[in-house]
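Peer 1: The amino acid sequence is not available; the structure is as follows:
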């Protein structure tokens with residue numbers, strides 16, 4: 001129920017191989033499951049830096065383009081090997097696939113169910129959390145139907161720029177920038193045509209006004225099983241076309257704005273816990289060109305690129 005014509009398939013082998021970053025998060029007593037073994041040179045490099053790489057398990061039945069989780073489920077011998085570890089399963093995020101793997105291997109999930117992950121990772125959830133908690137919000141709207149979306153587009157005024165985001169878009173996918181009347185009308189036509197053809201009136205997107213910014217921010221919090229909230233770090237995020245490219249550390253933020261982010265993290269953590277979530281959550285924020293901090297652009301309640309860097313920076 002996202003925007004028309006937006007694909008979500010991973011585009012390159014590099015994207016699939018980013019799971020290898022797990023070697024920086026896992027320890028020597030852990031088991032890291034990958035669809036391809038670690039490059040020997042990378043393993044040696046990591047070890048030379050003083051890290052103790054985990055045991056790496058590669059499923060016996062690997063199909064190109066298939067997720068690592070599905071590769072494991074299709075490999076009964078690998079499922080049995082994981083079952084014998086007696087550990088817990090910590091996925092980047094939980095979907096039905098990870099739930100199935102945990103059940104078949106007899107492992108407990110270290111994080112909540114797919115239903116919880118789906119609920120708290122929606123950009124609509126993030127916006128509504130911000131609005132309900134009184135945090136400074138980027139001006140915008142939540143839309144869950146075609147009619148709501150078209151009503152928002154009708155308010156467009158020439159000279160403005162809008163950003164439309166799929167509720168579950170990631171890394172620039174499912175993101176459209178509308179900066180002319182022609183683009184607004186074109187997207188409205190596509191959405192209307194698809195709805196008329198399919199009869200599907202749901203459309204889960206957020207529409208936000210473009211803000212001039214000094215830079216992007218990314219911070220991480222951890223919600224413990226008892227609801228305790230830890231502020232882990234904040235970094236300046238480097239993005240290009242909505243795609244996360246890396247970080248600058250430490251970030252050049254005055255003390256009062258770092259405190260503002262910590263307060264926002266507490267607000268987010270309390271509400272995530274109330275929604276049944278525990279674990280690591282990354283939050284994107286913006287430092288506006290006017291010097292105002294917008295502390296919650298969106299919540300990514302799962303392991304993030306920052307998470308894998310944590311052990312290295314520490």
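Peer 2: Right, received. Where do you want to start? Note that the structure is a prediction, hence the values are computed from the model and not measured.
Peer 1: All the strands of the stretch 51-200 of the chain, residue numbers only.
Peer 2: All strands of the stretch 51-200 of the chain, identified by DSSP state E, counting those that start in this stretch, fall at 55-57, 88-89, 108-109, 140-145, 162-166, 175-178.
Peer 1: any idea of the angle the fourth one forms with strand 162-166?
Peer 2: Read that as strand 140-145. On the basis of axes from the mean of the first three to the mean of the last three Cα atoms, to 10 degrees, strand 140-145 is oriented at 40 degrees to strand 162-166.
Peer 1: Distance from strand 140-145 to the middle of the chain?
Peer 2: The offset between the C-alpha centroid of strand 140-145 and the centroid of the whole chain comes to 20 Å, using Cα atoms, centre = their mean, to the nearest Å.
Peer 1: quick one: contacts of it?
Peer 2: Counting contacts by Cβ atoms under 8 Å, 6 or more residues apart in numbering, the residues outside strand 140-145 that touch it are 124, 127-128, 148-149, 152, 201-209. In short, each C-beta sits where N, CA and C put it, glycine included.
Peer 1: mind checking how far residue 149 is from residue 121?
Peer 2: As defined by Cβ to Cβ, to the nearest Å, residue 149 lies at a distance of 20 Å from residue 121.
Peer 1: Can you pick out the residue with more neighbours from the two?
Peer 2: More neighbours sit around residue 149 than around the other of residue 149 and residue 121, counting by other Cβ atoms under 10 Å; the figures are 25 against 20.
Peer 1: Roughly how far does the closest residue to that one other than its chain neighbours sit from residue 35?
Peer 2: Spatial nearest neighbour of residue 149, excluding adjacent residues (Cβ to Cβ, 6 or more residues apart in numbering): residue 143 at 4.2 Å. Distance check for residue 143 against residue 35: by Cβ to Cβ, it reads 36 Å.
Peer 1: what's the distance between stretch 67-84 and the middle of its chain?
Peer 2: The gap between the average C-alpha position of stretch 67-84 and the chain average comes to 25 Å, counting by Cα atoms, centre = their mean.
Peer 1: Okay, buried residues for that stretch please.
Peer 2: For stretch 67-84, burial by neighbour count (16 or more other Cβ atoms under 10 Å) applies to 67-73, 75, 78-79, 81-82.
Peer 1: Looking at these, which is nearest residue 112?
Peer 2: residue 69 (16.4 Å; Cβ to Cβ).
Peer 1: Next up, the contacts around the closest one.
Peer 2: Contacts of residue 69 were listed using Cβ under 8 Å, 6+ apart, and they are 91, 95, 97-98, 101.
Peer 1: So among those, which ones count as buried?
Peer 2: Taking 16+ other Cβ under 10 Å as the criterion, what is buried in the contacts of residue 69 is 91, 97-98, 101.
Peer 1: related to what we said a few turns ago, please tabulate the contacts of residue 69 in TSV, including the columns distance to residue 237 and pLDDT.
Peer 2: Listed next are those as TSV, based on distance: Cβ to Cβ, whole Å; pLDDT from 0 to 100:
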residue	distance to residue 237	pLDDT
91	23	94
95	25	95
97	28	96
98	26	97
101	31	97
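Peer 1: which of the strands of the stretch 51-200 of the chain is buried the deepest?
Peer 2: Comparing the strands of the stretch 51-200 of the chain by mean neighbour count (mean count of other Cβ atoms under 10 Å), strand 162-166 ranks first with a mean of 22.
Peer 1: other SSEs contacting that strand?
Peer 2: Packed against strand 162-166, as judged by 3 or more Cβ pairs under 8 Å, 6 or more residues apart in numbering; DSSP states H and E, are the following elements: strand 175-178, strand 202-209.
Peer 1: Flag whichever of those has the least confidence on average.
Peer 2: The minimum mean pLDDT among the helices and strands packed on strand 162-166 belongs to strand 175-178 (a mean of 90).
Peer 1: Now do that strand: distance to the chain's middle.
Peer 2: Averaged C-alpha coordinates place strand 175-178 at 19 Å from its chain's average position (Cα atoms, centre = their mean).
Peer 1: Residues touching that strand, excluding its own?
Peer 2: Counting by Cβ under 8 Å, 6+ apart, the neighbours of strand 175-178 from elsewhere in the structure are 3, 153, 156, 161-166, 169, 183-184, 187, 210, 242.
Peer 1: what do you get if the cut-off is 7 Å, keeping everything else the same?
Peer 2: If you take Cβ atoms under 7 Å, 6 or more residues apart in numbering as the criterion, strand 175-178 is touched by 3, 161-165, 169, 184, 187, 242.
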